[in-house]
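A.B. asks: I need the structure of the sequence given here:
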Amino acid sequence: MESKAIKLNELQVNSVGLEKTSSKMNLSEVFAERKGSYLNEFTLFLAHFNEIPNFINEIKIDCEKANKWFAQAYRTEIKNHYFDKRYYNGSRKAELDDIFYILYDDLLVNFDTNCSIVRFLFRKTEIAKVETVIKGIKNFKERTAKRKPEISLLIATNRGIDTKSLQISKPKLSIEDNYNDDFKDIHQTIIRRLSKKNDKGLVLLHGKPGTGKSSYIRYLISSLKKDVIFLPPNMAGAITNPDLISVLIENPNCIFVIEDAENIVVDREKDGSSPVSALLNISDGLLSDCLNIQIVCSFNTDISKIDGALMRKGRLIARYEFKELEIEKAQVLSQKLGFKTNLNSPMTLTAIYNQEEKDFQQIKRHNPIGFNA
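C.D. replies: Numbers count the residues shown, from 1 in each chain. Model prediction:
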């Protein structure tokens, strides 16, 4: 949130004297005191200057560090100084809560350490001087914690369907090294569309086991900033459960991932019990206009068995069949992994990464591939 200046002097208040204001309401009614604080920055300003101030707010400031810098940098300008300390969370030592400084003509600077906010109140002080102080204090903006990739896993509870947040690690996956050249443009399309807000549509990823579908989905989840809801294979039947809609309503503009979706995307004409209608309603039906949810489905079955309605233009974001890595790319990847094998046929990623496994005995694993890695 950017700095916001509120010009209170524009509220048709007489700026020369407060007699007219006082005749309409008491000053105590103009600014209500914050609960639990012995001082309020507005009433303190009024007590000193008998003026209604302009007000500027800076949020997410490391007030402890900013206060130390400010007290030193402006020590010759500070005319008054107030503070209060409190005991937090049963601590034995009182910690600074609010710190107030008055400097220049009438600049009041309030460090609210508990809320990580610095407030600036002034009336006659030149705005250039105020902005110089603000510029210095903005150097102490709190760093935003790096977002850790996570998914909301759908789970069955006694109360119905619920979600459980799980963190996942971002795989060290090179699209260039691990997938055939024809996937690059498809990948860019998927990233671009799934990054859009208030969008909808369907991504179909299919192919043989071990070709990198799950690894790519995990890479997607950790690369995007949207919330992700994950439907595990053992809960495929939940796609028709009304409780699922409630979960999706609470998480609009998210990505809904369905792994091993064979039983969900199968053609309705070949399987009368196919739940594909529910999927269509979420991806491009009436619900989709309200939810703005994008769906990613992965499956191993042949694309010919998939309901044709899923691949309709306007509904489908992208479709890609993952295949064995071509000989040349497979050889390059194998060498990068430290293997000296001469490959003479296309290979799945699983086979390339696990060349040392023999007779189901794990001798050594080089960076396992898969969603659960």
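
A.B. asks: chain neighbours aside, what residue packs nearest to Asp260?
C.D. replies: Distances taken as CB to CB, 6 or more residues apart in numbering put Pro233 closest to Asp260, at 4.0 Å, once the chain neighbours are dropped. (Glycine included, C-beta is placed from N, CA and C.)

A.B. asks: what is the neighbour count of the one you found?
C.D. replies: Burial measure for Pro233: 12 neighbouring residues, criterion other CB atoms under 10 Å.

A.B. asks: if I pick Tyr104, what's in contact with it?
C.D. replies: Tyr104 makes contacts with Glu77, Phe122, Thr125, Glu126, Lys129, as judged by CB atoms under 8 Å, 6 or more residues apart in numbering.

A.B. asks: cool, and Trp69?
C.D. replies: Neighbours of Trp69 in contact, by CB under 8 Å, 6+ apart: Gly136, Ile137, Asn139, Phe140.

A.B. asks: need the contact list for the second one.
C.D. replies: Contacts for Ile137 (CB under 8 Å, 6+ apart) come out as Glu58, Ile61, Ala66, Trp69, Phe70, Val118.

A.B. asks: isn't there a helix covering it?
C.D. replies: Yes. Counting by DSSP: H, G, I helix; E, B strand; the rest coil, Ile137 falls inside a helix.

A.B. asks: quickly list what the nearest residue to Tyr101 once chain neighbours are set aside is bridged to.
C.D. replies: Among residues not flanking Tyr101 along the chain, Val109 sits closest, at 4.6 Å (CB to CB, 6+ apart). Beta-bridge pairing of Val109 under DSSP bridges involves Tyr101, Phe120.

A.B. asks: tell me, how many residues neighbour Val109?
C.D. replies: 25.

A.B. asks: would you mind measuring from it to His81?
C.D. replies: Plainly put, Val109 is 10 Å away from His81 if you go by CB to CB, to the nearest Å.

A.B. asks: again with Asn180
C.D. replies: From Asn180 to His81 the distance is 68 Å (CB to CB).

A.B. asks: repeat for Leu103
C.D. replies: If you go by CB to CB, the gap between Leu103 and His81 works out to 10 Å.

A.B. asks: comparing these two, which shows the higher neighbour count?
C.D. replies: Leu103 (21 against 11).

A.B. asks: residues contacting Thr348?
C.D. replies: By CB under 8 Å, 6+ apart, the contact list for Thr348 reads Lys208, Pro209, Gly210, Thr211, Gly212, Glu324, Leu325.

A.B. asks: turn the buried ones among these into a named PyMOL selection, would you?
C.D. replies: To isolate the buried members of the contacts of Thr348 in PyMOL, using 16 or more other CB atoms under 10 Å:
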select buried, resi 210+211+212+324+325
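
A.B. asks: what's the most distant pair in the contacts of Thr348?
C.D. replies: Within the contacts of Thr348, Pro209 and Leu325 form the most distant pair, 14.2 Å apart (CB to CB).

A.B. asks: same question for stretch 126-146, mean pLDDT?
C.D. replies: Mean per-residue pLDDT for stretch 126-146: 89.

A.B. asks: what's the answer for stretch 197-210, then?
C.D. replies: 91.

A.B. asks: identify each buried residue in stretch 99-116, please.
C.D. replies: Residues of stretch 99-116 classed as buried: 99-104, 106-113, 116 (neighbour count, 16+ other CB under 10 Å).

A.B. asks: Ile327 versus the residue sitting nearest the centre point of the chain, what's the distance?
C.D. replies: Most central in the chain under CA atoms, centre = their mean is Lys225, positioned 4.8 Å from the mean C-alpha point. Remark: distance between Lys225 and Ile327 (CB to CB) = 37 Å.

A.B. asks: many thanks, we can stop here.
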